[in-house]
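From the sequence below, what's the structure:
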Amino acid sequence: APAKPKVEIGQKTAVTQKVGQKSSVKQTHKAKVSEPVKRREKNTEDAPLYKVMLIGDEEYDQEHTIERICDVMEDVDEGQAASVFTQAQAGGKAMINKYPFEHAELYVEQLLRSDPMIFCDLEEEERMGSGK
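Numbers count the residues shown, from 1 in each chain. Next comes the predicted model:
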């Protein structure tokens, strides 16, 4: 047998509120004001930085190398690039700058794709107090 609804169709239901009248809400209990919820202290670590190292090579054209380093890395000016270039030629390699891993990897790739190629390497920065 089909279920029968408790309210018949066409039956009038009691409405205590008139159309356009504002309804009032009565609060049955007061909310307690207590101490604010303490949030956990965030335990964040800085992302490890990686050194972008320029590897010295006699084949480099100084002007091209300095120009490419400045083009690829916006935060390195020509003076810094020239200093890094001479250090790399004298000592085999020199640090250009430190960056988070993804940025450092991108910069190394872009310099390796230069024509003529500029040899670079990534080195993780030794972290103080890490126990490694």
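
all strands for this structure, in order.
Secondary structure of the chain (DSSP state E): strands at 49-55, 93-100, 120-124.

Next, the buried residues of the shortest one.
Think strand 120-124. residue 120 (16 or more other C-beta atoms under 10 Å). In this view, the C-beta of every residue, glycine as well, is placed from N, C-alpha and C.

ok and that strand relative to strand 93-100, angle-wise?
Regarding strand 120-124 and strand 93-100, their directions subtend 60 degrees when assessed with axes from the mean of the first three to the mean of the last three C-alpha atoms, to 10 degrees.

Give me the sheet partners of strand 120-124 and which way each runs.
strand 49-55 (antiparallel) (DSSP bridges).

Now the partner strand: buried residues?
Using 16+ other C-beta under 10 Å as the test for burial, strand 49-55 gives 50-54.

With pLDDT and distance to residue 99 added, can I get those in a markdown table?
Below are the buried residues of strand 49-55 laid out as a markdown table (pLDDT from 0 to 100; distance: C-beta to C-beta, whole Å):
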| residue | pLDDT | distance to residue 99 |
| --- | --- | --- |
| 50 | 95 | 6 |
| 51 | 94 | 8 |
| 52 | 95 | 6 |
| 53 | 95 | 12 |
| 54 | 94 | 14 |
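
Just the closest of the residues you listed to residue 62, please.
residue 54 (11.8 Å; C-beta to C-beta).

contacting residues for the residue lying closest to that closest one once chain neighbours are set aside?
Counting by C-beta to C-beta, 6 or more residues apart in numbering, residue 88 is the residue found nearest to residue 54 once chain neighbours are left out, at 4.4 Å. Going by C-beta atoms under 8 Å, 6 or more residues apart in numbering, residue 88 touches 54-56, 94.

Kind regards, and thank you for your time.
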